[in-house]
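1. Here is my input, please return the structure:
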Amino acid sequence: MSPLERPSSTSAPKKGILCVSVQSGPHPHKGIVREARYGELSVEFVSEPPLLSMGKGLDLTLSGMASGDDYTAPARVTGRTDRSGVIQYTFQFQDPAQASRRLPDQLRADFNKKRHRRAPWPKGDPVSVTVLATEGAKAGTRILAKLLTLTDSGLCLLVNLAAEEALAASPTVVCTYRPAGREEPVLRPCAIQTRQLEGKQVVYLLSFTKVRETPDSAPTNKFEAMWDCPECGSKFLLGQSHKNCPECGRARQVPTYFPNWEDSKQTSEHWATGDDRECVFCSAAFSDLAEFCGRCGKPLP
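-> Down below sits the predicted model:
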């Protein structure tokens, strides 16, 4: 199987399968153990999946065992997979031997298997990729990653564990890289399929997403009603052209108004109007003063 192919859907859990509860934030998140391999448990979260960064330590509670007693032990996050909106995390116990004795027979054998030695990553001149988080609390954060594999359908990246936390809440990113033989960098929006912890680094498998081909026409000289962003304080934003604040990305949720004549500006004269930066998600163009797309609210490259 290619490293960029999506894994096949999991089968229904066997009778007696374990339920898992993860305490992350004020409320616990519940899931079902789908697989046990190499000292790790793969847990599927269907509703309200937690946002957990790789390597995060937490308490994992197993319930539904034959003994009837719940088992709680410290563990850490070692993987995350998004299968058509169904989130599956991989957890590794700090004491695998103790956890193994609590597992049902149908899971214990696979849990105790030794991990196969992985093939070495490809060698050669390292290619750096800039990864831009587009969603979550740290949207707009950029980190550097190492390119491992590049195919027609996606990328395989190696990300430092310390920087990976910025991407924990972002299922989509924008990758910027310069392929061999090209002078200009390439910008591609990507969806994160799988994250796998490897020591102090995280391996990312990403698939390219299509860009909507709806480029804006040249701005016309017209006047629009305006609005002020309550999040960052930007004033005199265009009510029709800026559905989101070009300064912070916040969606417009306040009424528009017509300013005094001296504060009115034609669309083409606004500070965010221009073609210096193009949104890779919706193809809308803005000036280099804009940080976010005024149409869809995504960070501009």
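
2. hey, let's count contacts and neighbours off CA atoms from now on
-> Will do.

3. buried set for stretch 192-208?
-> 192-198, 201-208 (16 or more other CA atoms under 10 Å).

4. roughly how far apart are Cys279 and Leu300?
-> Going from Cys279 to Leu300 by CA to CA, to the nearest Å gives 6 Å.

5. Need the residues touching each of those two.
-> Cys293 (CA atoms under 8 Å, 6 or more residues apart in numbering).

6. Hmm, Met226 is touching Arg252, no?
-> No - with contact defined as CA atoms under 8 Å, Met226 does not reach Arg252; the gap is 10.6 Å.

7. And the helices in the stretch 51-200 of the chain?
-> 96-100, 105-111, 161-164 (DSSP state H, counting those that start in this stretch).

8. and the shortest one, what other elements does it pack with?
-> The elements that helix 161-164 packs onto, with contact taken as 3 or more CA pairs under 8 Å, 6 or more residues apart in numbering; DSSP states H and E, are strand 201-208.

9. For the strand it packs on, which strands pair with it and how are they oriented?
-> Its sheet considered, strand 201-208 pairs with strand 154-160 (antiparallel), strand 186-198 (antiparallel) by DSSP bridges.

10. remind me which residues of the stretch 151-300 of the chain are low pLDDT?
-> Flagging of the stretch 151-300 of the chain using pLDDT under 70 yields the residue ranges 180-182, 210-222, 261-265.

11. contacting residues for Leu41?
-> Taking CA under 8 Å, 6+ apart, one finds 33-35, 90-92, 111 in contact with Leu41.

12. Now intersect the residues you listed with the strands, please.
-> Secondary structure assignment by DSSP state E places 33-35, 90-92 of these in strands.

13. Mind picking the two most distant members of those residues?
-> Arg34 and Gln92 (14.1 Å; CA to CA).

14. how about the strands paired with strand 201-208, which one is nearest Phe286?
-> With distances scored as CA to CA, the stretch of those nearest to Phe286 is strand 186-198 (16.3 Å).

15. ok, and what's touching the closest one?
-> 6, 54-55, 77-83, 154, 171-179, 202-211, 280-281, 301.

16. how about a cut-off of 6 Å?
-> Applying CA atoms under 6 Å, 6 or more residues apart in numbering, the contact partners of strand 186-198 are 78-82, 171-178, 202-209.

17. ditto for stretch 44-64
-> Against stretch 44-64 from outside (CA under 6 Å, 6+ apart): 18-22, 31-32, 70-78, 86-88, 165, 168-169.

18. ok, which stretches of the stretch 51-200 of the chain are strands?
-> 57-63, 71-83, 86-93, 128-133, 142-150, 154-160, 172-177, 186-198 (DSSP state E, counting those that start in this stretch).

19. List the buried residues in the third one.
-> Buried positions in strand 86-93, judged by neighbour count with 16+ other CA under 10 Å: 87-93.

20. Out of the residues you listed, which comes closest to Ala285?
-> Ile87 (33.8 Å).

21. Number of residues surrounding the residue nearest to the closest one when sequence neighbours are not counted?
-> Using CA to CA, 6 or more residues apart in numbering and skipping residues adjacent in sequence, the residue nearest Ile87 is Phe45, 5.4 Å away. When counting by other CA atoms under 10 Å, one arrives at 20 neighbours for Phe45.

22. So for Thr10, what's the pLDDT?
-> For Thr10, the pLDDT comes out at 39.

23. In the stretch 1-150 of the chain, where is pLDDT below threshold?
-> Ranges of the stretch 1-150 of the chain meeting pLDDT under 70: 1-17, 24-25, 47-48, 65-68, 115-126.

24. Could you give the number of residues near Val254?
-> Per other CA under 10 Å, the neighbour tally for Val254 reads 11.

25. What's the separation between the closest residue to it other than its chain neighbours and Leu300?
-> The shortest distance from Val254 to any non-neighbouring residue, by CA to CA, 6+ apart, is to Trp227 (7.1 Å). Using CA to CA, Trp227 is found at 21 Å from Leu300.
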